[in-house]
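Q: next input, structure requested:
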Amino acid sequence: MKAVLQRVSRASVTVDNEIIGKVEQGILVFLGVGMDDTIEDIKYLAEKVVNLRIFSDEYDKINLSVKDIQGALLVVSQFTLMANCTKGRRPSFENAAKPEMANEMYILFIEECRKHGIRVETGKFQAEMHVELCNHGPVTIILDSKRGS
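A: Next up, the predicted model:
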């Protein structure tokens, strides 16, 4: 399971000209599910996302988590994170989870984040979405449950 985190001052997801998810200060999470991902991957990444210290404290040190600042998450499913681009010019998605499994894991990830007391907004699985964000910093972090990052 892979996640790209962007610290945001605001972010939103629009589907069919309607905003379906919106957060102010928090983290935009793009989530990719692999075919060999498990519940352990979900728990690992959810715990990491809600506790990762990427927000500034009163001394302007990056020392606070989204949980600490009472921020929110906007979680967007993005199977393209599972792309393998090592051969040729067209990405291969053979390692991405099938849609049924990916959607189930996406929902479980959201639920796991909510268990930590975080407000979570979402995109719409398998929809064409327009994501708008204001990356604060900019701060962008890549997490991979298989690499322990």
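Q: can you name the element that comes right after the helix or strand hosting Arg114?
A: Element membership for Arg114, per DSSP states H and E: helix 99-115. Downstream of helix 99-115, the next assigned helix or strand under DSSP H and E is strand 119-122.
Q: just to revisit the earlier point, pLDDT of the helix holding Arg114, averaged?
A: Mean pLDDT, helix 99-115: 98.
Q: now the most centrally placed residue in the chain. Nearest residue, chain neighbours left out?
A: In the chain, the C-alpha nearest the mean C-alpha coordinate belongs to Val29, at 2.1 Å (C-alpha atoms, centre = their mean). Leaving aside its chain neighbours, Val29 sits nearest to Val75 (4.6 Å; criterion: C-beta to C-beta, 6 or more residues apart in numbering). (Each C-beta comes from the backbone N, C-alpha and C, glycine too.)
Q: measure the one you found to Glu40 for me?
A: According to C-beta to C-beta, to the nearest Å, Val75 stands 19 Å off from Glu40.
Q: of those two, who's got more company?
A: Val75 (25 against 10; other C-beta atoms under 10 Å).
Q: did I read that right, the more buried one in a strand?
A: Yes: judged by DSSP: H, G, I helix; E, B strand; the rest coil, Val75 forms part of a strand.
Q: who are the packing partners of the helix holding Arg114?
A: helix 39-51, strand 72-77, strand 119-122 (3 or more C-beta pairs under 8 Å, 6 or more residues apart in numbering; DSSP states H and E).
Q: many thanks, have a good one.
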